[in-house]
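Participant: here is a sequence together with a model predicted from it:
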Amino acid sequence: MQLRIEGVIWYWRGPAPFHFVTVPPAESEMIHDVASIVTYGWGMIPASVTIGSTTVTTALWPKEGGYIVPIKKVLQDREGLGVDDVVELVLDIDA
């Protein structure tokens, strides 16, 4: 499954700081439909994320009935991204 989404990068301080983009509701529902066959536990969904010319592997996190995409530091550095930037990203989920 390949999804193209747009979202704002936001910061979560938590016990370990992370940057995320929230998956919109329609796309979250599509992911939810395949979650049981692709998750490796705790609702985490393995995926590849591409922003610009940079692709990394990660896992989507479940949050409040939807999903959030961690924006790894390598993506931030290579693509010059920061908090509040609006990004278009491609999610590849093997379903």
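Facilitator: Nice, I can see it.
Participant: which SS class is V21?
Facilitator: Under the three-state scheme (DSSP: H, G, I helix; E, B strand; the rest coil), V21 adopts strand.
Participant: cool, the one 10 residues further on as well?
Facilitator: Counting by three-state DSSP, the backbone at I31 sits in helix.
Participant: partners of the closest residue to it other than its chain neighbours in the sheet?
Facilitator: Leaving aside its chain neighbours, I31 sits nearest to Y67 (5.6 Å; criterion: CB to CB, 6 or more residues apart in numbering). (Each C-beta comes from the backbone N, C-alpha and C, glycine too.) For Y67, the beta-bridge partners under DSSP bridges are P62.
Participant: next one: Y67 from G43, what distance?
Facilitator: Separation of Y67 from G43 (CB to CB, to the nearest Å): 9 Å.
Participant: of those two, which one has the most company?
Facilitator: The residue with more neighbours, out of Y67 and G43, is Y67; 26 against 15, by other CB atoms under 10 Å.
Participant: quick one: contacts for the closest residue to V56 other than its chain neighbours?
Facilitator: Among residues not flanking V56 along the chain, K72 sits closest, at 5.1 Å (CB to CB, 6+ apart). Listed by CB atoms under 8 Å, 6 or more residues apart in numbering, the contact set of K72 reads V49, V56, T58.
Participant: swap in V69?
Facilitator: So V69 contacts G7, F20, V21, T22, V23, A47, V49, T58, L60, L89, L91 (CB under 8 Å, 6+ apart).
Participant: quick one: stretch 24-38 to chain centroid distance?
Facilitator: Relative to its chain's centre, stretch 24-38 lies at 12 Å (CA atoms, centre = their mean, to the nearest Å).
Participant: which residues sit against that stretch?
Facilitator: 1, 3, 5, 7, 23, 43, 45-46, 60, 65-67, 91, 93-95.
Participant: ok, now with 10 Å
Facilitator: Stretch 24-38 is touched from outside by 1, 3-7, 22-23, 39, 43-47, 60, 62-68, 91, 93-95, with contacts defined as CB atoms under 10 Å, 6 or more residues apart in numbering.
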